[in-house]
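Student: Quick one, structure for this:
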Amino acid sequence: MSTSVPLIVRLLASSVSVAGRAGKIVRDVMSKGELGIVEKGKDDYQTEADRSAQRCIIASLSAQFPKMSIIGEEDNPNDVEDDIPSDWLVVDADKDVLKLECPPGLREVKEEDIVVWVDPLDGTSEYTQGFLEHVTVLIGISVNEKPVAGVIHQPYFKSVDGGEKKIGRTIWGLPGAAVGGFTPAPPPDSLIITTTRSHSNPLVERALQVMNAAQILRVGGAGYKVLQLLEGVASVYVFASPGCKKWDTCAPEAVLAAAGGKLTDILGNMYKYGAAESRPNKTGVLAAVNEELHSFALSQIPQELKDKLAK
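Tutor: Residues are numbered from 1 along each chain as shown. Next up is the predicted model:
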(Lines give C-alpha, C1' and ligand atoms only; values in the text may rest on other atoms or scores of the structure.)
Protein backbone atom coordinates (compact mmCIF):
# COMPACT_ATOMS: atom_id res chain seq x y z
CA MET A 1 0.00 0.00 0.00
CA SER A 2 1.53 3.30 -1.06
CA THR A 3 2.53 5.55 1.83
CA SER A 4 1.97 8.53 -0.48
CA VAL A 5 -1.74 8.00 0.13
CA PRO A 6 -2.83 9.96 3.27
CA LEU A 7 -3.07 7.89 6.44
CA ILE A 8 -6.83 8.33 6.92
CA VAL A 9 -7.53 7.09 3.39
CA ARG A 10 -5.21 4.10 3.86
CA LEU A 11 -6.86 3.26 7.19
CA LEU A 12 -10.35 3.49 5.70
CA ALA A 13 -9.31 1.32 2.74
CA SER A 14 -7.90 -1.30 5.11
CA SER A 15 -10.97 -1.13 7.35
CA VAL A 16 -13.25 -1.86 4.37
CA SER A 17 -11.30 -5.06 3.64
CA VAL A 18 -11.07 -6.04 7.31
CA ALA A 19 -14.82 -5.53 7.87
CA GLY A 20 -15.57 -7.90 5.01
CA ARG A 21 -13.36 -10.60 6.53
CA ALA A 22 -14.97 -10.10 9.94
CA GLY A 23 -18.37 -10.51 8.29
CA LYS A 24 -17.31 -13.88 6.92
CA ILE A 25 -16.29 -14.94 10.43
CA VAL A 26 -19.75 -13.92 11.66
CA ARG A 27 -21.38 -16.10 8.98
CA ASP A 28 -19.00 -19.03 9.63
CA VAL A 29 -19.84 -19.10 13.34
CA MET A 30 -23.56 -19.15 12.57
CA SER A 31 -23.08 -21.91 9.98
CA LYS A 32 -21.35 -24.12 12.53
CA GLY A 33 -24.24 -23.62 14.94
CA GLU A 34 -22.03 -23.17 18.01
CA LEU A 35 -22.72 -19.57 18.99
CA GLY A 36 -21.06 -19.70 22.43
CA ILE A 37 -23.51 -17.20 23.91
CA VAL A 38 -22.50 -15.31 27.07
CA GLU A 39 -24.93 -12.95 28.82
CA LYS A 40 -23.01 -9.81 29.82
CA GLY A 41 -26.08 -8.08 31.29
CA LYS A 42 -29.81 -7.62 30.78
CA ASP A 43 -30.49 -7.90 27.03
CA ASP A 44 -26.72 -7.72 26.45
CA TYR A 45 -25.16 -10.77 24.85
CA GLN A 46 -21.81 -11.82 23.44
CA THR A 47 -21.21 -14.72 21.07
CA GLU A 48 -18.21 -16.49 19.58
CA ALA A 49 -18.85 -14.37 16.48
CA ASP A 50 -18.42 -11.15 18.50
CA ARG A 51 -15.18 -12.38 20.04
CA SER A 52 -13.64 -13.82 16.87
CA ALA A 53 -14.63 -10.93 14.61
CA GLN A 54 -13.13 -8.45 17.06
CA ARG A 55 -9.86 -10.40 17.24
CA CYS A 56 -9.69 -10.33 13.44
CA ILE A 57 -10.34 -6.59 13.23
CA ILE A 58 -7.99 -5.51 15.98
CA ALA A 59 -5.16 -7.83 14.99
CA SER A 60 -5.36 -6.75 11.35
CA LEU A 61 -5.53 -3.01 12.00
CA SER A 62 -2.96 -3.07 14.82
CA ALA A 63 -0.44 -4.85 12.60
CA GLN A 64 -0.70 -2.10 9.99
CA PHE A 65 -1.22 0.92 12.24
CA PRO A 66 0.40 0.06 15.60
CA LYS A 67 0.42 3.56 17.12
CA MET A 68 -3.30 4.34 16.98
CA SER A 69 -5.80 3.52 19.73
CA ILE A 70 -8.46 0.87 19.12
CA ILE A 71 -11.46 0.49 21.41
CA GLY A 72 -13.70 -2.54 20.92
CA GLU A 73 -16.99 -3.56 22.48
CA GLU A 74 -15.77 -6.84 23.89
CA ASP A 75 -13.57 -7.26 26.96
CA ASN A 76 -9.82 -6.57 26.73
CA PRO A 77 -10.00 -5.14 23.21
CA ASN A 78 -6.24 -4.54 22.98
CA ASP A 79 -5.32 -7.97 24.33
CA VAL A 80 -5.02 -9.87 21.05
CA GLU A 81 -3.40 -13.30 21.15
CA ASP A 82 -0.57 -14.03 18.76
CA ASP A 83 -2.01 -17.33 17.62
CA ILE A 84 -5.05 -16.15 15.68
CA PRO A 85 -5.60 -17.98 12.37
CA SER A 86 -3.38 -16.58 9.63
CA ASP A 87 -6.35 -16.04 7.32
CA TRP A 88 -7.83 -13.64 9.89
CA LEU A 89 -4.91 -11.24 9.39
CA VAL A 90 -6.04 -8.97 6.57
CA VAL A 91 -3.40 -6.96 4.73
CA ASP A 92 -5.47 -5.97 1.70
CA ALA A 93 -6.92 -2.51 1.17
CA ASP A 94 -9.89 -1.51 -0.96
CA LYS A 95 -8.53 -0.13 -4.24
CA ASP A 96 -11.45 2.23 -4.86
CA VAL A 97 -11.06 3.84 -1.44
CA LEU A 98 -7.32 4.31 -2.01
CA LYS A 99 -8.16 6.56 -4.98
CA LEU A 100 -10.13 9.01 -2.82
CA GLU A 101 -9.11 12.63 -2.48
CA CYS A 102 -8.48 13.12 1.23
CA PRO A 103 -10.22 16.15 2.81
CA PRO A 104 -7.60 18.89 3.41
CA GLY A 105 -7.99 18.91 7.19
CA LEU A 106 -7.12 15.21 7.44
CA ARG A 107 -4.07 15.00 5.20
CA GLU A 108 -1.49 15.45 7.98
CA VAL A 109 -3.13 13.24 10.62
CA LYS A 110 -0.71 10.96 12.51
CA GLU A 111 -1.46 7.49 13.88
CA GLU A 112 -1.26 8.77 17.45
CA ASP A 113 -4.14 11.17 16.70
CA ILE A 114 -6.55 8.38 15.74
CA VAL A 115 -9.05 6.44 17.86
CA VAL A 116 -10.86 3.56 16.17
CA TRP A 117 -14.16 2.35 17.67
CA VAL A 118 -15.08 -1.24 16.82
CA ASP A 119 -18.36 -3.08 17.19
CA PRO A 120 -17.55 -6.49 15.71
CA LEU A 121 -21.20 -7.55 15.68
CA ASP A 122 -23.79 -4.83 16.10
CA GLY A 123 -27.15 -6.48 16.75
CA THR A 124 -25.95 -9.50 18.75
CA SER A 125 -29.41 -10.11 20.21
CA GLU A 126 -30.88 -10.15 16.71
CA TYR A 127 -28.07 -12.45 15.56
CA THR A 128 -28.99 -15.02 18.21
CA GLN A 129 -32.70 -14.73 17.34
CA GLY A 130 -32.28 -15.11 13.59
CA PHE A 131 -32.91 -11.48 12.52
CA LEU A 132 -29.74 -11.65 10.47
CA GLU A 133 -30.45 -8.71 8.16
CA HIS A 134 -30.14 -6.43 11.24
CA VAL A 135 -26.55 -7.51 11.90
CA THR A 136 -23.64 -5.22 10.98
CA VAL A 137 -19.90 -4.95 11.57
CA LEU A 138 -18.91 -1.39 12.51
CA ILE A 139 -15.50 0.28 12.30
CA GLY A 140 -15.49 4.00 13.14
CA ILE A 141 -12.44 6.24 12.81
CA SER A 142 -12.18 9.42 14.91
CA VAL A 143 -9.68 12.27 15.07
CA ASN A 144 -9.81 15.06 17.67
CA GLU A 145 -12.88 13.36 19.20
CA LYS A 146 -14.84 13.60 15.93
CA PRO A 147 -15.84 10.73 13.57
CA VAL A 148 -13.98 11.30 10.30
CA ALA A 149 -14.59 7.98 8.51
CA GLY A 150 -16.63 4.85 8.98
CA VAL A 151 -17.45 1.39 7.67
CA ILE A 152 -20.76 -0.49 7.97
CA HIS A 153 -20.62 -4.07 6.72
CA GLN A 154 -23.77 -6.21 6.42
CA PRO A 155 -22.70 -9.88 6.47
CA TYR A 156 -26.13 -11.19 5.40
CA PHE A 157 -27.12 -8.67 2.73
CA LYS A 158 -28.09 -10.57 -0.42
CA SER A 159 -27.79 -9.20 -3.94
CA VAL A 160 -27.51 -10.31 -7.55
CA ASP A 161 -24.67 -8.94 -9.68
CA GLY A 162 -24.57 -9.95 -13.33
CA GLY A 163 -26.67 -13.01 -12.57
CA GLU A 164 -24.36 -14.07 -9.76
CA LYS A 165 -25.79 -14.24 -6.24
CA LYS A 166 -23.67 -12.44 -3.66
CA ILE A 167 -23.84 -12.20 0.11
CA GLY A 168 -22.60 -9.32 2.20
CA ARG A 169 -22.03 -5.67 1.36
CA THR A 170 -19.78 -2.95 2.73
CA ILE A 171 -20.79 0.69 2.91
CA TRP A 172 -18.24 3.34 3.83
CA GLY A 173 -18.14 7.07 4.27
CA LEU A 174 -15.48 9.78 4.41
CA PRO A 175 -17.16 13.14 5.17
CA GLY A 176 -15.92 15.75 2.76
CA ALA A 177 -15.05 13.11 0.16
CA ALA A 178 -17.58 10.38 -0.64
CA VAL A 179 -19.93 7.59 0.33
CA GLY A 180 -19.25 4.18 -1.20
CA GLY A 181 -20.89 0.80 -1.48
CA PHE A 182 -24.32 2.10 -2.51
CA THR A 183 -26.19 5.25 -3.51
CA PRO A 184 -28.19 6.99 -0.74
CA ALA A 185 -31.91 7.42 -1.46
CA PRO A 186 -34.19 10.37 -0.63
CA PRO A 187 -36.27 10.09 2.57
CA PRO A 188 -39.86 8.76 2.38
CA ASP A 189 -42.68 11.23 1.75
CA SER A 190 -44.23 10.60 5.18
CA LEU A 191 -42.51 10.62 8.57
CA ILE A 192 -41.24 7.11 9.32
CA ILE A 193 -39.23 6.53 12.49
CA THR A 194 -36.78 3.72 13.11
CA THR A 195 -36.10 2.78 16.73
CA THR A 196 -35.04 -0.04 19.03
CA ARG A 197 -36.79 -3.40 19.13
CA SER A 198 -35.10 -4.71 22.28
CA HIS A 199 -34.32 -1.76 24.61
CA SER A 200 -37.62 0.08 24.90
CA ASN A 201 -38.91 1.82 28.04
CA PRO A 202 -41.53 4.51 28.85
CA LEU A 203 -39.12 7.33 27.97
CA VAL A 204 -38.35 5.80 24.58
CA GLU A 205 -42.06 5.34 23.87
CA ARG A 206 -42.90 8.91 24.90
CA ALA A 207 -40.26 10.27 22.48
CA LEU A 208 -41.86 8.27 19.69
CA GLN A 209 -45.44 9.31 20.47
CA VAL A 210 -44.75 13.05 20.25
CA MET A 211 -43.44 12.65 16.69
CA ASN A 212 -46.86 11.58 15.39
CA ALA A 213 -45.16 9.44 12.75
CA ALA A 214 -46.97 7.62 9.97
CA GLN A 215 -45.05 4.47 10.86
CA ILE A 216 -42.59 3.23 13.50
CA LEU A 217 -40.06 0.55 12.56
CA ARG A 218 -38.60 -1.45 15.45
CA VAL A 219 -35.31 -3.03 14.43
CA GLY A 220 -31.99 -4.05 15.96
CA GLY A 221 -28.59 -2.42 15.72
CA ALA A 222 -27.54 1.22 15.33
CA GLY A 223 -25.78 0.39 12.07
CA TYR A 224 -28.92 -1.11 10.55
CA LYS A 225 -31.07 1.86 11.66
CA VAL A 226 -28.72 4.33 9.98
CA LEU A 227 -28.77 2.18 6.83
CA GLN A 228 -32.56 2.48 6.85
CA LEU A 229 -32.16 6.26 6.78
CA LEU A 230 -29.67 6.11 3.92
CA GLU A 231 -31.85 3.72 1.93
CA GLY A 232 -34.93 5.93 2.21
CA VAL A 233 -36.79 3.37 4.34
CA ALA A 234 -37.03 5.70 7.34
CA SER A 235 -36.89 9.47 7.93
CA VAL A 236 -35.55 9.72 11.47
CA TYR A 237 -33.80 7.47 14.00
CA VAL A 238 -35.01 8.16 17.55
CA PHE A 239 -33.70 6.48 20.71
CA ALA A 240 -34.35 8.35 23.97
CA SER A 241 -32.29 6.07 26.21
CA PRO A 242 -28.67 5.61 27.31
CA GLY A 243 -28.56 2.10 25.79
CA CYS A 244 -26.15 2.87 22.89
CA LYS A 245 -22.36 3.03 23.20
CA LYS A 246 -19.66 4.93 21.30
CA TRP A 247 -18.75 1.86 19.22
CA ASP A 248 -22.41 1.66 18.10
CA THR A 249 -22.52 5.18 16.70
CA CYS A 250 -19.01 6.26 15.61
CA ALA A 251 -19.04 4.49 12.22
CA PRO A 252 -22.74 5.16 11.47
CA GLU A 253 -22.32 8.84 12.35
CA ALA A 254 -19.38 9.17 9.94
CA VAL A 255 -21.16 7.39 7.09
CA LEU A 256 -24.34 9.40 7.65
CA ALA A 257 -22.38 12.67 7.73
CA ALA A 258 -20.66 11.76 4.46
CA ALA A 259 -24.14 11.42 2.92
CA GLY A 260 -25.26 14.82 4.25
CA GLY A 261 -27.01 13.51 7.35
CA LYS A 262 -26.59 14.19 11.04
CA LEU A 263 -26.40 12.12 14.24
CA THR A 264 -26.49 13.69 17.71
CA ASP A 265 -27.87 12.94 21.14
CA ILE A 266 -31.53 13.68 21.92
CA LEU A 267 -30.53 17.17 23.09
CA GLY A 268 -28.94 17.97 19.74
CA ASN A 269 -25.36 17.75 21.01
CA MET A 270 -22.60 15.96 19.11
CA TYR A 271 -20.95 13.03 20.86
CA LYS A 272 -17.17 13.04 21.41
CA TYR A 273 -15.11 9.99 20.48
CA GLY A 274 -11.78 10.55 22.22
CA ALA A 275 -10.15 7.58 23.94
CA ALA A 276 -10.86 9.06 27.38
CA GLU A 277 -14.59 9.54 26.76
CA SER A 278 -17.06 7.36 28.67
CA ARG A 279 -18.41 4.53 26.55
CA PRO A 280 -22.20 4.97 27.02
CA ASN A 281 -24.14 7.48 24.91
CA LYS A 282 -26.02 8.60 28.01
CA THR A 283 -28.37 11.05 26.32
CA GLY A 284 -29.72 8.86 23.55
CA VAL A 285 -29.54 9.10 19.77
CA LEU A 286 -31.30 11.30 17.24
CA ALA A 287 -30.36 10.97 13.57
CA ALA A 288 -31.72 11.93 10.17
CA VAL A 289 -30.56 11.79 6.57
CA ASN A 290 -30.45 15.60 6.29
CA GLU A 291 -30.18 18.68 8.51
CA GLU A 292 -33.79 19.74 7.89
CA LEU A 293 -35.27 16.47 9.12
CA HIS A 294 -32.90 16.42 12.08
CA SER A 295 -33.92 19.96 13.10
CA PHE A 296 -37.60 19.06 12.76
CA ALA A 297 -37.23 15.94 14.92
CA LEU A 298 -35.26 17.85 17.54
CA SER A 299 -37.97 20.51 17.72
CA GLN A 300 -40.67 17.89 18.31
CA ILE A 301 -39.14 16.39 21.43
CA PRO A 302 -40.53 18.15 24.55
CA GLN A 303 -38.02 19.93 26.79
CA GLU A 304 -39.39 17.95 29.75
CA LEU A 305 -38.34 14.73 28.07
CA LYS A 306 -34.90 16.13 27.20
CA ASP A 307 -34.42 17.21 30.81
CA LYS A 308 -35.28 13.74 32.10
CA LEU A 309 -32.72 12.12 29.85
CA ALA A 310 -30.04 14.69 30.69
CA LYS A 311 -30.23 14.02 34.45
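Student: how near is residue 157 to residue 134?
Tutor: 11 Å (CB to CB, to the nearest Å). The C-beta positions use only the backbone N, C-alpha and C, and glycine is treated the same way.
Student: what does residue 32 give?
Tutor: For residue 32, the distance to residue 134 - CB to CB - is 21 Å.
Student: between the two, who's got more neighbours?
Tutor: Legend: neighbour count by other CB atoms under 10 Å for residue 32 and residue 134, higher for residue 134 (23 against 11).
Student: wait, what's in contact with the more buried one?
Tutor: Applying CB atoms under 8 Å, 6 or more residues apart in numbering, we find residue 134 in contact with 123, 126, 127, 219, 220, 221, 224.
Student: ok, now with 10 Å
Tutor: 122-123, 125-127, 154, 156, 197-198, 219-221, 223-225, 227 (CB atoms under 10 Å, 6 or more residues apart in numbering).
Student: Which of those ranks first by neighbour count?
Tutor: Greatest neighbour count in the contacts of residue 134, by other CB under 10 Å, goes to residue 225: 32 neighbours.
Student: In which helix or strand does that one reside?
Tutor: With elements taken from DSSP states H and E, the one containing residue 225 is helix 222-230.
Student: State the next helix or strand along the chain beyond that helix.
Tutor: Downstream of helix 222-230, the next assigned helix or strand under DSSP H and E is strand 236-239.
Student: any idea of the angle the following helix or strand past that next one forms with helix 222-230?
Tutor: Counting by DSSP H and E, the next helix or strand C-terminal to strand 236-239 is helix 246-258. Counting by axes from the mean of the first three to the mean of the last three CA atoms, to 10 degrees, helix 246-258 points 20 degrees away from the direction of helix 222-230.
Student: how far out from the middle of the chain is helix 246-258?
Tutor: Helix 246-258 sits 5 Å away from the centroid of its parent chain (CA atoms, centre = their mean, to the nearest Å).
Student: same question for that helix, mean pLDDT?
Tutor: Helix 246-258 comes out with an average pLDDT of 98.
Student: Equivalent analysis for stretch 143-158, please.
Tutor: Mean pLDDT, stretch 143-158: 97.
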